[in-house]
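Asker: Below: sequence and its predicted model.
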Amino acid sequence: GSNNSNKDRDERCPQSHLSLGLEIRMRCAAFLATSMDGFIARPDGSVDWLEACGNSNADMGDDPTDMGFAKFMKSIDCIIMGRKSMEKIDSMNLNTEQWPYGSTPIFVLSQTVKVPPPGLKERNVEMYNGDIKCLIEHLETNGYHRAYVDGGVTIQSFIDLDLISEMIITRAPVLLGAGIPLFPGTKNEKEIRLQNCTAKAFANGFIQETFTFGDM
């Protein structure tokens, strides 16, 4: 992790190229799963349905069983997630073999939690409580090119700030009826046109949609 404090980072931001109106070149992508009715979790935050639905015995042919997650991970060089996502991962008590992110650095957005939980102490996790655009610029300045953004609230925040360039949504063959929606609605109710939309059906019943935002 970085030794730069959030204070230093926030003080550096006003003198940055952001304040000069220059474009952020770093790309941010989301890779996540939802139910067919658009929920990323049950009302209590659980995602047990994700493992239970679909045909786990299906012959996936040439398609990877992880439906492209490993390939996606090779395309990114850092991860940005919210506190709830971090706590969910921490609660899984994953060992090194089960850890899905390898050595990829993870930046966790939180206004309240200052240090990673003990279970993630050995992971490359850094807490951040400043401005999101300042974080993106800090990462860009430090040589990062493409971030994996995870967590419903975090993804929505990035959409509101026009920072998401690509989304890959894998829809599970289940209707939850209620839960935490992927898209609770943008703050300014603006319409966002999506481009380069593709969809792929997997033999296990999942459908994966990929699209880019605007002219990015």
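Answerer: Cool, got the structure.

Asker: With adjacent residues omitted, what lies nearest to the residue nearest in space to the middle of the chain?
Answerer: In the chain, the C-alpha nearest the mean C-alpha coordinate belongs to D150, at 1.9 Å (C-alpha atoms, centre = their mean). Across the structure, with C-beta to C-beta, 6 or more residues apart in numbering as the measure, the residue nearest D150 apart from its sequence neighbours is M81 (4.2 Å). The C-beta positions use only the backbone N, C-alpha and C, and glycine is treated the same way.

Asker: what pairs with that neighbour across the strands?
Answerer: Taking DSSP bridges as the rule, M81 bridges to V108, D150.

Asker: neighbours around it, how many?
Answerer: 23 (other C-beta atoms under 10 Å).

Asker: how close does it get to K71?
Answerer: Using C-beta to C-beta, to the nearest Å, one gets 20 Å for the distance from M81 to K71.

Asker: same question, Y101
Answerer: Where K71 is concerned, Y101 sits at a distance of 14 Å (C-beta to C-beta).

Asker: who has more neighbours, these two?
Answerer: Taking Y101 and K71 together and counting by other C-beta under 10 Å, Y101 has the greater number of neighbours (19 against 11).

Asker: Does that one touch I79 like I think?
Answerer: Yes - Y101 sits in contact with I79 when judged by C-beta atoms under 8 Å, with a separation of 6.1 Å.

Asker: For the protein, give me the ranges with low pLDDT.
Answerer: Applying pLDDT under 70 to the chain picks out residues 1-24, 186, 188, 215-216.

Asker: Swap in 80 and give it another go.
Answerer: Within the chain, the stretches falling below the threshold (pLDDT under 80) are 1-24, 185-190, 214-216.

Asker: could you pull out the strands for it?
Answerer: 27-35, 39-41, 78-82, 106-109, 125-128, 146-150, 166-172, 180-181, 194-201, 207-213 (DSSP state E).

Asker: Tell me, how many residues neighbour the closest residue to A29 other than its chain neighbours?
Answerer: If the residues on either side of it in the chain are set aside, A29 comes closest to E166, at 4.2 Å by C-beta to C-beta, 6+ apart. Burial of E166 is recorded as 21 neighbouring residues (other C-beta under 10 Å).

Asker: E166 and A30 touch, don't they?
Answerer: Yes - A contact is recorded between E166 and A30 when judged using C-beta under 8 Å, the distance being 7.4 Å.

Asker: got the residue ranges for the helices in this structure?
Answerer: If you assign secondary structure with DSSP state H, the helices in the chain sit at 6-12, 48-52, 69-74, 83-91, 132-141, 152-160.

Asker: closest one to A41 among the ones you listed?
Answerer: Distances from A41 to each of these were compared using C-beta to C-beta; the minimum, 7.7 Å, belongs to helix 152-160.

Asker: wait, doesn't P64 sit right on K71?
Answerer: Yes - with contact taken as C-beta under 8 Å, P64 and K71 are classed as touching, separated by 7.2 Å.

Asker: returning to what we had before: reformat the strands of the chain as CSV; add distance to C134.
Answerer: CSV is the format used below for the strands of the chain (distance: least, C-beta to C-beta, whole Å):
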stretch, distance to C134
strand 27-35, 14
strand 39-41, 26
strand 78-82, 12
strand 106-109, 12
strand 125-128, 9
strand 146-150, 14
strand 166-172, 22
strand 180-181, 27
strand 194-201, 27
strand 207-213, 21
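
Asker: That concludes my questions; thank you for your assistance.
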